[in-house]
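# fold the following for me, if possible:
(2 chains)
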Amino acid sequence: MKNPQRSPTNPGSVRSRFTQVFLQSLLRIRKHSPASSSSSSSLGEFLKRCHRVKVAAYVSMARAAGTRRAWSRAMLWRVRHDAHRHRLLQGRCSRSSSRERSPGKKKRRTKKKKKRRDDQEHGFGNAEKLQKLVPGGEAMDFSCLLDETAHYIKCLVTQVKVMRSIADFYSL
Amino acid sequence: MSSRRSRSRQSEAVSGISDDQIADLVSKLQRLIPEIRNRRSDKASASKVLQETCNYIRSLHREVDDLSERLSQLLADSDSEQAAIIRSLLM
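From the prediction side, this is the model:
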């Protein structure tokens, strides 16, 4: 009996899961976007919808990849955290005008000396840039980072392919 | 070179990750990146692979941005017929 947990690594099933979740999100966005004719929708609405589509794409991919991967967990956490912080700030602005400290503070992770030695042995500081690009990368050691990056790139490529084919289909 | 060997042995003792494993992972990453893959050279230094990886991820992010702009535009313009088709495909 095949362990069902192995299916996330199969690109075919990741792609189909992503496609399904993303299409559902797109339909939801379209339903909830303001019912205005195309010429009158403002730039602000367009940008908001654009942002929603982008977040939906990343979230759908993270969900399709499953929570076994550190990058997908980190991405889902980040999106949820940002959305929560956004809602908090909005609520605070509407409720009172008192100045309050923003709940989300950027955490500075102190770099350990051993990690820097690893970087200098293998990656020469490029690993730092990579850590910033891969979600959750700052908490990973070097070999973990490489492994997660490989999977992240595979999923990103799938995401781009699916998005492009959806866009081509819609623009027929 | 002996200092490097002793350093790698020390890191191996501490973290259990060998240089071979790292080289394996780097080469696996290298195979995914089209820039390096097309140049047909088996060996690329780790820092070059990482650099190209960063560039590749950034370009993929840019593509996602462009595609979501395009999709957002299409969502605004699309008629309901295509949405009904997609919805029926999903059911």
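# quick one, what contacts residue A:70?
For residue A:70, the contacting residues are A:136, A:139, A:140, A:144, A:148, by Cβ atoms under 8 Å, 6 or more residues apart in numbering or on different chains. C-beta: built from backbone N, CA, C; applies to glycine.
# next: residue A:71.
Going by Cβ under 8 Å, 6+ apart, the list of residues near residue A:71 reads A:62, A:65, A:134, A:135, A:136, A:137, A:148, A:151, A:152.
# check residue B:70 too.
Neighbour list for residue B:70: A:167, A:171 [criterion: Cβ under 8 Å, 6+ apart].
# for burial, what's the neighbour tally of residue 72?
No chain in the question, so chain A it is. Burial of residue A:72 is recorded as 25 neighbouring residues (other Cβ atoms under 10 Å in any protein chain shown).
# my question was about chain B
24.
# mind checking the pLDDT average for whatever helix or strand it lives in?
Under the assignment given by DSSP states H and E, the secondary-structure element containing residue B:72 is helix B:46-77. What helix B:46-77 shows for mean pLDDT is 89.
# which of the contacts of residue A:71 sit farthest apart?
Taking Cβ to Cβ, the two most distant members of the contacts of residue A:71 are A:65 and A:137; they sit 15.2 Å apart.
# those two: which is more packed in?
More neighbours sit around residue A:65 than around the other of residue A:65 and residue A:137, counting by other Cβ under 10 Å; the figures are 25 against 21.
# state the distance from the more buried one to residue A:14.
For residue A:65, the distance to residue A:14 (Cβ to Cβ, to the nearest Å) stands at 6 Å.
# how about residue A:63?
Distance, residue A:63 to residue A:14, using Cβ to Cβ: 10 Å.
# who's more crowded, those two?
A direct count of neighbours by other Cβ under 10 Å for residue A:63 and residue A:14 places residue A:14 higher, at 22 against 17.
# ok, now which ones touch that one?
By Cβ under 8 Å, 6+ apart, residue A:14 lies in contact with A:8, A:64, A:65, A:155, A:158.
# helix, strand or coil for the second one?
When you say that, I think you mean residue A:64. On the three-state scheme (DSSP: H, G, I helix; E, B strand; the rest coil), residue A:64 is labelled helix.
# wait, it sits on residue A:24?
No: look at residue A:64 against residue A:24 with Cβ atoms under 8 Å: they stay out of range, at 12.0 Å.
# pull up the overlap in contacts between those two.
Between them, residue A:64 and residue A:24 share no contacting residue, judged by Cβ under 8 Å, 6+ apart.
# next helix or strand past the lowest-mean-pLDDT helix or strand in chain A?
Comparing every helix and strand of chain A by mean pLDDT, DSSP states H and E singles out helix A:113-118 as the least confident one, with a mean of 51. Next along the chain after helix A:113-118, taking DSSP H and E as the criterion, comes helix A:126-133.
# could you report the neighbour count for residue B:54?
By the other Cβ under 10 Å criterion, the neighbourhood of residue B:54 contains 20 residues.
# what's residue A:49 in contact with, if anything?
Contacts were defined as Cβ under 8 Å, 6+ apart; by that measure residue A:49 touches A:29, A:33, B:72, B:75, B:76.
# so who does the spatially closest residue to residue B:56 that is not a sequence neighbour touch?
Take residue B:56 and drop its neighbours on the chain: the residue closest to it by Cβ to Cβ, 6 or more residues apart in numbering or on different chains is residue B:33, 5.1 Å away. Residues touching residue B:33, when contacts are defined by Cβ under 8 Å, 6+ apart, comprise A:153, B:49, B:52, B:53, B:56.
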